[in-house]
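S.K.: Next input, structure requested:
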Amino acid sequence: MIHIIETLTKPVTRDEFIYEFLGEKYLFVPNPGGRAFDELMSWETLNDVMDRHQMDAAQFSVFSEGKLLPPESYMRRASRHRLCMSQLNLLLRDGATFVLNGVDELHAPLARFCDLLEYEIKAPVRTNLYAGWHNLPGFTLHWDDHDVFILQIAGKKLWEIHGVSEIHPLGKFHGEQPPGNGAIWREHLQPGDVLYLPRGWWHVAYPCDEPTLHLTVGFTPPIARDYLMWLVSRLERTPLFRRSIPRLLSVDHRSEYCHAVQAGIAQCLSDPEVLREFFRDDDASVRSRPRFGFPWVGMGQPISEADEGAIVIRSARGLQYSISSDERVIVRVDGNTICYHPGVEPLLEALSARECKTVSQMFTKFAGLCHRDVIRSFLADLVSKDVISILPDSSLTHLK
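M.R.: You can find the predicted model right below:
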């Protein structure tokens, strides 16, 4: 298993990062030598992405010193889906910053990187791209409402961190005043450098009169509020929490009711299995990024063991399944629940553990345990329910 966190934080280990830095304090990781992010992004890749995709103004934007420039200043008047390159070039030469939101949806190696990070960090991951040329910051001093890994791709950029004014803030930045002591950290990021910033840390970045390109890999772990909101839906299964509040009864009755509610909540919060159930529900509700599996998705028939293809679990959190009280196998993915007969459990276990990465490996491993028709139909159903995709074997290079 690839540990994406450690590839970003080394020499800080994965455990050191999780226990000491994650959500708590920033971490600067200079390039240890040899680390490069060329496969994830480059100027050449950016040009190719922009040439091949028609995007609207919601996906890319242009900023200068904290101000979002109006789309009409760089879009063709006849079509809001086409850039006017001559106008955009003028803005960039005047020091504007080009921003491409959700670039992980547009480049397969970056999408795979984000899926691997999400599998490890257990939080939704989204990546934006920032390109600058001169010395004006695209954004003034601010904080973000999510954690970020900043990956310097090309050129250099001067970063300043100004500390925190509120620990773990909620909501969006609305122009609050930063801490008054100035920058507590100031450094040029060079290609291959990584900077981790938790939510709420004030920062600003300056281009250095040369082309500069970086990615911000953002993620938002769940917080106690999310857990408590989920807990409400769980508590509603019991009659006590569906009962009307006895407002019109005596003080003693209301006190008795409050004690009962308090005891019910305390019992849930003290059970570690409840928190594990929250984690399972959170993983099962994640919406997967689109991944097509042509030609198999359109076949409408069982998959042949002669078909060679890579089996890819659609959800970045892995395959979530359990056994019900009546011994049915319950698969939960993308917020949906699918039921199967008990005989498919070994197949799901192998897929979940990534023991079988191709169609042929599934048939080879389970030829003596499951009838081949069962394997064919089961894989076809997982494809049709969007639980897995089957990709041409040439795609395996992206799955290592």
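S.K.: Now do the SS call for residue 262.
M.R.: Here residue 262 is recorded as helix under DSSP: H, G, I helix; E, B strand; the rest coil.
S.K.: What is the burial count for it?
M.R.: Using other C-beta atoms under 10 Å, residue 262 is surrounded by 10 other residues. For the C-beta atoms, the positions are set from N, CA and C on the backbone; glycine is no exception.
S.K.: again, but for residue 289
M.R.: Close neighbours of residue 289, defined as other C-beta under 10 Å, add up to 17.
S.K.: Next, the contact list for it, please.
M.R.: Residues near residue 289 by C-beta atoms under 8 Å, 6 or more residues apart in numbering: 104, 105, 111, 115, 316.
S.K.: Okay, and which of those residues map to helices?
M.R.: Using DSSP state H, 111, 115 are the members of these that sit in helices.
S.K.: what ranges do the helices span in the chain?
M.R.: Under DSSP H, the chain gives helices at 4-9, 14-16, 43-52, 85-93, 108-121, 224-235, 251-269, 272-285, 345-352, 359-366, 372-384.
S.K.: the domain parsing of the chain - what is it?
M.R.: Split into domains by automatic domain parsing, the chain comes to 4-219, 224-285, 296-398.
S.K.: quick revisit: residue 67: which of the helices of the chain is closest?
M.R.: Each of these has some distance to residue 67 by C-beta to C-beta; the shortest is helix 85-93, at 11.5 Å.
S.K.: Pull out the buried residues from the closest one.
M.R.: 88, 91, 92 (16 or more other C-beta atoms under 10 Å).
S.K.: gap between stretch 184-191 and the chain center?
M.R.: 25 Å (C-alpha atoms, centre = their mean, to the nearest Å).
S.K.: re earlier: quick check, nearest of the contacts of residue 289 to residue 69?
M.R.: Among the contacts of residue 289, residue 105 lies closest to residue 69 (C-beta to C-beta), at 23.1 Å.
S.K.: what's the distance between that closest one and residue 339?
M.R.: In this view, residue 105 and residue 339 are 31 Å apart by C-beta to C-beta, to the nearest Å.
S.K.: Those two: which has the busier surroundings?
M.R.: Set residue 105 next to residue 339 and count neighbours by other C-beta under 10 Å: residue 105 wins out with 16 against 10.
S.K.: The more buried one contacts residue 111, correct?
M.R.: Yes. At 6.7 Å, residue 105 counts as touching residue 111 under the criterion of C-beta atoms under 8 Å.
S.K.: I'd like to check which residues are in contact with the residue most central in space within the chain.
M.R.: The residue lying closest to the centre of the chain (C-alpha atoms, centre = their mean) is residue 125, at 1.7 Å. For residue 125, the contacting residues are 104, 114, 115, 117, 118, 217, 218, 219, 316, by C-beta under 8 Å, 6+ apart.
S.K.: Out of those, which one has the lowest pLDDT?
M.R.: For these, the weakest pLDDT value sits at residue 316, with 85.
S.K.: what separates it from residue 112, distance-wise?
M.R.: 10 Å.
S.K.: now residue 18
M.R.: 22 Å.
S.K.: Comparing those two, which residue is more hemmed in?
M.R.: Of the pair residue 18 and residue 112, residue 112 is the one with more neighbours under other C-beta under 10 Å, namely 21 against 14.
S.K.: Show me what stretch 225-242 is in contact with.
M.R.: Contacts of stretch 225-242 (C-beta under 8 Å, 6+ apart): 170, 260-261, 264-265, 268-269, 274-275, 277-278, 281-282.
S.K.: Recalculate using a threshold of 6 Å.
M.R.: The contact list for stretch 225-242 (C-beta atoms under 6 Å, 6 or more residues apart in numbering) reads 260, 264, 278.
S.K.: Now render the residues you listed as JSON lines, adding neighbour count, pLDDT and distance to residue 161.
M.R.: Shown next, in JSON lines, are the contacts of stretch 225-242 (neighbours: other C-beta atoms under 10 Å; pLDDT from 0 to 100; distance: C-beta to C-beta, whole Å):
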{"residue": "260", "neighbour count": "13", "pLDDT": "96", "distance to residue 161": "49"}
{"residue": "264", "neighbour count": "14", "pLDDT": "93", "distance to residue 161": "44"}
{"residue": "278", "neighbour count": "17", "pLDDT": "94", "distance to residue 161": "33"}
